[in-house]
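Student: the following comprises the amino acid sequence and a computationally predicted model.
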Amino acid sequence: MVSAVLQTSFLGDMILTTPLIERLARAGDVHVVATPANAAVLANHPAVSSVIVYDKRKSDAGVTGLRRVAARVRATGATTAYMAQGSWRTAALARLAGVESVGFDTSAGRWLYSRRVAYRNDWHHAVRLWALADDPRDPAPTPTRLRPSLYPGAPDEAQVTALLEAADIPPGAPLIALAPGSVWATKRWPSYDALAGELVARLPDHRVVVIGAGGDAPLAAAIADAVRQRGGRPIVDTTGRLSLLGSAALLARCTALVTNDSAPLHLASAMNTPTISLFGPTVPAMGFGPVADRHAVLEREGLPCRPCSAHGGRACPLAHWQCMRDLSAGRVAEAVTRISQTS
Ligand code: SF4
């Protein structure tokens, strides 16, 4: 059986699609349609036969681009497309490719699907996606927990080694990763700099590394300042300097990661890095919580406005942003200390 998996959402969604891809790969080749930004995260993945890049906003925009990508899907010989992303556009892509399509019964494009699968609000998203491959003739027991998988290669490892060597950090030195960024402003906890200052005193043998995209560099600079003011050793700012799989490789070397409800959380799940995740306008019950063996979720409990949106908006609709402001650096530092000391 040859399958196609259509996943053109955010990076975190792509990472959480890997258990579905692995499941399908047991029965045959799997070809994945991905955005240009996300395609690289599937490099080296043994379950992926090929990645078809769909640049839906630029070079493949419009009907002509849709037809072009559909022809590439058809050329793989796939018979079924699994709609990990649920827009009308991807549903039309499967139709144009002439393949059967299986997707969620809540998706915008569901009217075009050959088969619809219940979207279970009470399941982790990796499990929901995995269940798209359920065969009604041969029902398998549904796992309660699935860990995504990524495969950094030698160049990714070399990138990390070079950055750490340049910072004079020996192999095996304890590292705490901070990931202060998020596409959505209300998901960005505002106290990473204060946390880093606390960690200087609590975990003096650990070095802080900051991961993120190039746009997160100002957040890394604030963290570096806070550490300097507390007399700590310089942080390693990797924002914009590592590939996606390079960030995964770095996380695999870290004692723990502190992150918002954002893509680094899922990178850490894939590498099984102990994770402290900070949830504000969203909640883990939406299905996007950490699945590393050791993790802690910190939230502002008892706030009646939580959750207020599926993704987290650009500004707090109530203007007070208490869901994030009320999470103190001391409380997060305590959680980091606890998880680091049990490593
Ligand atoms: S409305 Fe509540 S949950 Fe939403 S951003 Fe504001 S404080 Fe956070």
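Tutor: Happy to help now that I have it. Numbering: from 1, shown residues only.
Student: would you map the helices across the chain?
Tutor: Remark: helices assigned in the chain by DSSP state H are 11-16, 18-25, 36-39, 62-75, 88-97, 125-130, 154-166, 192-202, 217-229, 244-252, 263-271, 322-325, 329-341.
Student: turn those into CSV, columns for distance to residue 280 and mean neighbour count.
Tutor: C-beta here means a position set from N, CA and C on the backbone, and glycine is covered the same way. Shown next, in CSV, are these (distance: least, Cβ to Cβ, whole Å; neighbours: other Cβ atoms under 10 Å):
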stretch, distance to residue 280, mean neighbour count
helix 11-16, 16, 24
helix 18-25, 26, 23
helix 36-39, 24, 18
helix 62-75, 36, 15
helix 88-97, 29, 21
helix 125-130, 18, 23
helix 154-166, 30, 16
helix 192-202, 13, 21
helix 217-229, 16, 18
helix 244-252, 22, 25
helix 263-271, 13, 28
helix 322-325, 4, 19
helix 329-341, 13, 18
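Student: return the distance of stretch 46-65 from the chain's centre.
Tutor: Taking Cα atoms, centre = their mean, to the nearest Å, one finds the center of stretch 46-65 at 20 Å from the center of the full chain.
Student: revised request: answer the last question for stretch 141-155.
Tutor: Taking the mean of its C-alpha atoms, stretch 141-155 sits 12 Å from the chain's own mean (Cα atoms, centre = their mean).
Student: isn't residue 274 right up against residue 255?
Tutor: Yes: using Cβ atoms under 8 Å, residue 274 is in contact with residue 255, at 6.9 Å.
Student: for residue 287, which of the helices of the chain is the nearest?
Tutor: Smallest distance to residue 287 across the helices of the chain (Cβ to Cβ): 4.0 Å, for helix 125-130.
Student: what is the closest one packed up against?
Tutor: Applying 3 or more Cβ pairs under 8 Å, 6 or more residues apart in numbering; DSSP states H and E, we find helix 125-130 packed against helix 11-16, helix 18-25.
Student: quick one: which of those is nearest residue 193?
Tutor: helix 11-16 (24.2 Å).
Student: list the contacts of that closest one.
Tutor: By Cβ atoms under 8 Å, 6 or more residues apart in numbering, the list of residues contacting helix 11-16 from outside reads 7, 34, 37-38, 41-42, 84-85, 125-126, 129, 148, 150, 244, 262-263, 265-267, 269-270, 288.
Student: in the stretch 151-300 of the chain, what residue lies closest to the ligand?
Tutor: Going by Cβ to the nearest ligand atom, the ligand is nearest to residue 281 of the stretch 151-300 of the chain, at 3.9 Å.
Student: okay, that residue: pLDDT?
Tutor: Looking at residue 281, its pLDDT stands at 97.
Student: again with residue 311
Tutor: 85.
Student: how close does the residue nearest to it when sequence neighbours are not counted sit to residue 268?
Tutor: Counting by Cβ to Cβ, 6 or more residues apart in numbering, residue 184 is the residue found nearest to residue 311 once chain neighbours are left out, at 5.4 Å. Distance of residue 184 to residue 268, computed by Cβ to Cβ, to the nearest Å: 18 Å.
Student: likewise residue 133?
Tutor: Going from residue 133 to residue 268 by Cβ to Cβ gives 25 Å.
Student: to residue 300, which of the helices and strands packed on helix 125-130 lies closest?
Tutor: Across those, closest to residue 300 is helix 11-16 (Cβ to Cβ), at 21.8 Å.
Student: and that closest one, average pLDDT?
Tutor: 97.
Student: the residue lying closest to residue 230 once chain neighbours are set aside: what's it in contact with?
Tutor: In space, and not counting its chain neighbours, residue 230 is closest to residue 200: 4.1 Å by Cβ to Cβ, 6+ apart. Residues near residue 200 by Cβ under 8 Å, 6+ apart: 227, 230-232.
Student: which residue lies farthest from the center of this structure?
Tutor: The centre of the chain is farthest from one residue, residue 231, which by Cα atoms, centre = their mean lies 32.9 Å away.
Student: show the pLDDT at the residue nearest to it when sequence neighbours are not counted.
Tutor: Distance criterion Cβ to Cβ, 6+ apart; nearest residue to residue 231, sequence neighbours excluded, is residue 200 at 6.7 Å. Residue 200 is assigned a pLDDT of 95 by the prediction.
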